[in-house]
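Participant: Structure of the sequence below:
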Amino acid sequence: MSDDSPAIARDLIRRLPTATLSTRTADGGWPYGSLVLVATDTDGSPILLISTLAQHTRNLMADARASLLFDGTVGLDKRLTGARITVLGEARACDEPSVRARFLARHGSAAGYADFGDFSFWRLTSQRAHLVAGFGRITWVEQDELLPDFGDISELGSAEADVIAHMNADHSDAVALYANILCRRPGVGWRLTGIDPEGADMARPGDHCRITFDKHVATAEAARVELVRKVKQARAMISG
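Facilitator: A predicted model of the protein is given here:
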């Protein structure tokens with residue numbers, strides 16, 4: 001397997017808006033799979049918004065062990081040639097404001113039920129993951145590769161909401177370039193939804209995409225430099 005497997009793994013987890021959550025039933029330990037919306041915390045940990053009325057939540061309350069399958073093969077003619085990853089870890093409820101903000105920025109429709117009494121946010125503490133990046137490209141990715149040390153990223157986390165609001169309000173043309181040109185996703189209405197040390201996420205109704213920065217960032221200024229760099233890259237691609 002090539003050395004880029006950890007980067008491929010993290011990109012799949014960051015980029016895909018849904019995953020298959022697998023838990024164990026409390027009555028016998030049977031595997032139980034369900035489709036869930038997913039986002040990531042700033043460090044890359046998967047986060048969920050789930051209801052205690054759901055079977056998977058009841059399962060997690062009895063046994064925190066779980067897995068998330070991120071499927072990057074949708075739309076391919078030969079789906080088994082595409083990349084997918086199964087992340088193993090323990091899921092626990094969390095009430096950190098940053099988790100709520102990042103999830104709802106990505107999945108705006110969830111704001112309509114996020115405050116219902118039976119719903120809560122959960123974070124999966126990733127232990128390791130099994131990556132299949134196509135035929136013959138199969139490997140385990142360990143925790144320190146899934147959640148690398150980016151240093152102190154607290155400033156980036158604190159500034160994220162302001163950066164997103166500024167980009168969507170004043171630089172929507174740049175966001176459109178990221179999606180339409182760099183990600184090759186057509187359509188209008190793209191909005192920036194998240195900034196993290198490795199890239200930025202965008203969404204429009206029914207679609208999501210992601211750009212990867214050339215350099216890791218830990219501050220709002222470093223993120224601004226990378227966002228400008230990506231605009232220039234997109235414009236260069238248009239001009240040929």
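
Participant: Pull out the buried residues from the helix or strand hosting Thr57.
Facilitator: Assigned by DSSP states H and E, Thr57 belongs to helix 55-62. The neighbour-count check on helix 55-62 (16 or more other C-beta atoms under 10 Å) flags 56-57, 59-60 as buried. In short, each C-beta sits where N, CA and C put it, glycine included.

Participant: cool, and stretch 230-240?
Facilitator: For stretch 230-240, by 16+ other C-beta under 10 Å, it's 230-231, 234.

Participant: Stretch 202-213 now?
Facilitator: 202-204, 208-211, 213.

Participant: before we move on, the earlier item: what packs against the following helix or strand past the helix holding Thr57?
Facilitator: Moving toward the C-terminus from helix 55-62, the next helix or strand (DSSP H and E) is strand 65-71. Other elements packing on strand 65-71 under the criterion 3 or more C-beta pairs under 8 Å, 6 or more residues apart in numbering; DSSP states H and E are helix 5-15, strand 18-24, strand 84-94.

Participant: domains for the protein, by residue range?
Facilitator: Domain ranges of the chain: 5-146, 154-239, per automatic domain parsing.

Participant: Identify, by residue count, the longest helix of the protein.
Facilitator: Ranked by residue count, the top helix of the chain under DSSP state H comes out as helix 220-239.

Participant: ok, residues contacting that helix?
Facilitator: 155-156, 159, 162-163, 167, 174, 177-178, 181-182, 195, 200, 211, 213-215, 217 (C-beta atoms under 8 Å, 6 or more residues apart in numbering).

Participant: quick one: the nearest residue to Gly134 once chain neighbours are set aside from Val36, how far?
Facilitator: The shortest distance from Gly134 to any non-neighbouring residue, by C-beta to C-beta, 6 or more residues apart in numbering, is to Thr81 (5.1 Å). Computed as C-beta to C-beta, to the nearest Å, the Thr81 to Val36 distance reads 25 Å.
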